[in-house]
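> here is the input, now give the coordinates:
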Amino acid sequence: MLFAPSTVFTSSPIGDLAVRALGIPAEKPARTYHAQQSPWSADKTRELALQMADRGVNVAHIAASLFISRLEIEAIAREEGLPLKRTPLRNSPRAWSLLDISRLSRAWAEGEDLPAIAKRLDRTVMAVRKKRAALGLPARERYAEVVWTDADVATLLAHRERRIGLQRIAKQMGRSVRSLQRKLISLQPPAESVAIPADPSVVLTWEQASRLTPEERRGRRWQVRNSPTGLVIGFSRNACTTRWSVEMQHELAMRHFAHQAPLAVAEDFLLTDRTIVSQSGWLHLPRRSKKDMREAFDPDLYEVYLNKMGYMRRECLGKKGFFFWSPRRGGRRTSRLHQQTAVMRSGD
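Sure, this is the predicted structure:
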């Protein structure tokens, strides 16, 4: 929201700063829009304004996010010696309008969850997450883990015996899926009461690897749970990342066509569900109905659903050695990965 120079916010700390920096007389008390509209405190607003300006956020987006005028932002930036980005805003149907940015900022400050914000703004959760990060709005603090009672544990185990999905259990118990996964791992009996080998060249069992944190699994390799091929994967030494081999991609596709849920695949691989979903996208794996999802992996279903959906495994014509899945009839012959790589190399 933009305001004329005559409506300077002299009754707020940031407004006083703007008055002093711009040399505007303040005999007449002005209205305080910041205190009435912004969900952020004056100190937090100043802190966020400096952070946004330092990371190159457009001044119009800063004003929309923090519910202050450009005069105040310019005063803050001038005092700290920070340049402001004033490039013209994009004008496209899906570009973020200033109103949408204001709605995102207010909803985020008031603690609204990402799916609700995405629904309100008619955007995807990923789009909202990326825009929040691009604007520099503060990340949410992780809430302390709610204490597990004996009744909670009994409820969790009873649901799992009935083979109810983790997402449904999490919704019923008011917990996150990751919280349930951590609790289930902690309830497992000690793996043969044997210490985990310290030698990084030793391949760990899934039970041993599940007892380690992702950081502790750096530079280690472990077996994938319930793998029909005895697949072994691992993390690099410097980060919690894995290099996807052809064998890993093929088993992921098998589990995908067997309708195993992404969270269940992530648990068997000991990777994040985001990693599984992202890799599935690069492999062009088709969408599936949620009602057909299952927790367990049945290798016999792979060929059944692969033929039913009319898909086949192809080698990318533009990237030798990279395989992806596409329809038998009229399916594409070059992968999305090759197309993106070609665009990046062209410099366009």
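
> give me the number of residues near residue 80?
Neighbour count for residue 80, taken as other C-beta atoms under 10 Å: 12. Bear in mind the C-beta positions are built from the backbone N, C-alpha and C, glycine included.

> in contact with it, which residues?
50, 53 (C-beta atoms under 8 Å, 6 or more residues apart in numbering).

> how far away is it from residue 279?
Distance from residue 80 to residue 279, counting by C-beta to C-beta, to the nearest Å: 43 Å.

> next: residue 289.
20 Å.

> next: residue 103.
Taken as C-beta to C-beta, the span from residue 103 to residue 279 is 33 Å.

> quick one: terminal-to-terminal distance for stretch 90-106?
22 Å (C-alpha to C-alpha, to the nearest Å).

> which residues are in contact with that stretch?
1, 39, 60-61, 63-67, 89, 117, 120-121, 128, 131-132, 135, 137.

> which one of residue 103 and residue 279 has more residues nearby?
residue 279 (20 against 16).

> over to residue 325: give its phi and psi.
The phi/psi pair for residue 325 (degrees, to the nearest 10) reads phi -120, psi 140.

> buried ones in stretch 107-115?
107, 108, 109, 114 (16 or more other C-beta atoms under 10 Å).

> neighbouring contacts of that stretch?
Outside stretch 107-115, the residues that touch it by C-beta under 8 Å, 6+ apart are 39, 40, 116, 117, 120, 125, 128, 129, 132, 137.

> so how far is that stretch from its chain's centroid?
Counting by C-alpha atoms, centre = their mean, to the nearest Å, stretch 107-115 is centred 15 Å from the centre of its parent chain.

> gap between the two ends of that stretch?
End-to-end for stretch 107-115, by C-alpha to C-alpha: 11 Å.

> swap in stretch 74-93?
With C-alpha to C-alpha as the measure, stretch 74-93 spans 29 Å from end to end.

> report the rounded mean pLDDT for that stretch.
The average pLDDT for stretch 74-93 rounds to 86.

> same question for stretch 51-68.
89.

> same deal with stretch 201-215?
Per-residue scores along stretch 201-215 average to 90.

> so which bits of it are buried?
Quick answer for stretch 201-215 (16+ other C-beta under 10 Å): 204, 206, 207, 208, 209, 210, 211.

> quick one, what contacts residue 265?
252, 255, 256, 273, 276, 297.

> how about residue 285?
Going by C-beta under 8 Å, 6+ apart, residue 285 touches 252, 253, 256, 257, 325.

> narrow the contacts of stretch 90-106 to those in helices?
When DSSP state H defines the helices, the subset of those inside them is 60-61, 63-66, 117, 120-121, 128, 131-132, 135.

> in this protein, which spans are strands?
For the chain, applying DSSP state E gives strands covering 203-204, 221-223, 232-234, 311-315, 323-327.
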